[in-house]
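J.: using only what follows, build the 3D model:
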Amino acid sequence: MSFSLEAGKTWERWAARLSEPGLWVFLVLVAGALPRVFWVLFSEGTADAIVWQALVQDVQERGMLAVYRGGDHILNHPPMAVWLASQLANFGQAVGLSFPVVFRAPLFFVDLGTFAAILWLFNAAGDSRWRRARWAIACFWWLSPLAMIFSSFHGNTDSIVALGLVLAAGAVAHQRYVLAGLMIGLGLWIKIPGVLAAPLLWLAVPHSTGRLKMAASAFSIAIAGYLPWLILDARAVIESVFFYPGLRIQTTQGMPIWGLERFAPDWRQIPLEWRSEYRTWMISWLRANRLICLIPIGLLAFARRGQDDAIKLAAGIAGTYAILYGFSNLWGFQYLAWSAPFWLALGPRWGVTATFLTTGYVYGLYAWLCNSWLLLGPWNFAAQPDWPLLLRTARDACILFFAGTALWQIGVAFREERSRWTRGGLSK
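T.: Numbers count the residues shown, from 1 in each chain. Next comes the predicted model:
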């Protein structure tokens, strides 16, 4: 009994220390900064950095609209993101730095912004326990290998999506609806997937005036970032950016890197008399991928309408992207960056489990592809068609984890909606 009491007092002391900033926060920031700086300066990154470099070069040679209309490269990023990448490329040439370095270096400061935004978001929580835990939550995310890898190694803009979402959620939680719309609109300048959380954030606003302010702000800033190019060729920009279908990424042997299709039999294993029907079903499933994800995401947003507490918002965003991760077959590794800052809001156990599972898969795979635990070698994805059993198991565990979470969140949405209707009926 005395041992239990002593352990409890020790835990309370640690909880009290982690609820206030101090030297430990500075040490955490330094510990998380070192790998980020190291990877920016010394790693090659993934093929995404190479693709971005080729896109920028193509845009500089042919013009942005010409690249949107077609050619050797698929341009699906918003015009402002491409313009900013072009400016970074010009800066790199002027100072003698490679494109992967100048492209990834600003994302270090994006991560610092996300760290501060997490503190701001959770400081608006109605439950004082979450407010006290905000420093620990922000530090947990800052030390996450996923956050480090996607901003400082991978070489894409997905970490900016995360920053915009945390700021938008924080703005709604603090009843700053114009700012919330501004963050959503600016997010659309960089990458479209942040819009998946917009319905949940918009419906969480408890009154029509706030929703109107948020929608007007988001539309105004978003259209300002697209208008110069929309005037010249609206169809090319809209089709390339807003109707980009996504990628079904697989190895050269046809093994998908993600998706529940991983558990479906290969069509070549199906008896000949059923093979044609099976392939037709598989193709239909893949083509319906967008609706399969968007419908339950919309239902979740509708069921959580009016719930503008910071924790409800964070949990709703985590659930939104869990549905996407769980049901989508069109997927890239870096998509996990979008919602990682919100994961602990679905419960500490869920958040820690999600972080460790996805870190095991992504970091383990990247280290194997680079043949370096420090991720210093070339990212040989195309040259590694057959993955080790351990990595395939880690991938499958992640897929099933998010698929299970998606079903859980859909069930929560239905229960909340039924409870709402039940309360409404009783009040009558």
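J.: burial of residue 26, as a residue count?
T.: By the criterion of other CB atoms under 10 Å, residue 26 has 10 neighbours. C-beta coordinates here come from the backbone N, C-alpha and C atoms, glycine included.
J.: ok, residue 77 to residue 275 distance?
T.: From residue 77 across to residue 275, the span is 38 Å (CB to CB, to the nearest Å).
J.: looking at those two, which one has more neighbours?
T.: Per other CB under 10 Å, whichever of residue 77 and residue 275 has more neighbours is residue 77, with 23 against 13.
J.: three-state assignment of that one?
T.: coil (DSSP: H, G, I helix; E, B strand; the rest coil).
J.: now do the phi/psi pair for it.
T.: The phi/psi pair for residue 77 (degrees, to the nearest 10) reads phi -90, psi 150.
J.: which non-adjacent residue is nearest the spatially most central residue of the chain?
T.: In the chain, the centroid-proximal residue (CA atoms, centre = their mean) is residue 338; its distance is 1.4 Å. Once flanking residues are discounted, residue 338 sits nearest to residue 161: 4.9 Å by CB to CB, 6 or more residues apart in numbering.
J.: please apply the same query to residue 314.
T.: Nearest to residue 314 is residue 345, by CB to CB, 6+ apart, at 3.4 Å.
J.: who touches that neighbour in this structure?
T.: If a contact means CB atoms under 8 Å, 6 or more residues apart in numbering, then residue 345 has 311, 314, 315, 317, 318, 351 as its contacts.
J.: same deal with residue 248?
T.: Per CB under 8 Å, 6+ apart, neighbours of residue 248: 256, 259, 286, 329, 330.
J.: hmm, residue 335 and the second one touching each other?
T.: Read that as residue 259. No: between residue 259 and residue 335 there is no contact under CB atoms under 8 Å: 11.8 Å.
J.: which one of those two is surrounded by more residues?
T.: residue 259 (24 against 20).
J.: now do the contacts for the more buried one.
T.: Listed by CB under 8 Å, 6+ apart, the contact partners of residue 259 are 248, 328, 329, 330, 331, 399.
J.: list phi and psi for it.
T.: phi 110, psi 150.
J.: quick check: the gap between it and residue 120.
T.: Computed as CB to CB, the residue 259 to residue 120 distance reads 35 Å.
J.: go on, residue 184?
T.: 16 Å.
J.: compare the two (neighbour count), which wins?
T.: Shown here are residue 184 and residue 120; by other CB under 10 Å, residue 184 has more neighbours (28 against 18).
J.: hmm, who's touching the helix or strand hosting that one?
T.: Here residue 184 sits within helix 177-190, counting by DSSP states H and E. With CB under 8 Å, 6+ apart as the test, helix 177-190 has contacts from 77-78, 80-81, 157, 160-161, 164-165, 167-169, 171-172, 194-195, 198, 201, 205, 210-211, 213-222, 224-226.
J.: for the next helix or strand after that helix, packing partners?
T.: Next in sequence after helix 177-190, counting helices and strands by DSSP H and E, comes helix 198-204. With contacts defined as 3 or more CB pairs under 8 Å, 6 or more residues apart in numbering; DSSP states H and E, helix 198-204 has these neighbours: helix 158-173, helix 177-190, helix 208-241, helix 289-303, helix 310-327.
J.: out of those, deepest packed?
T.: Ranked by mean neighbour count, the helices and strands packed on helix 198-204 are led by helix 158-173 with a mean of 28 (mean count of other CB atoms under 10 Å).
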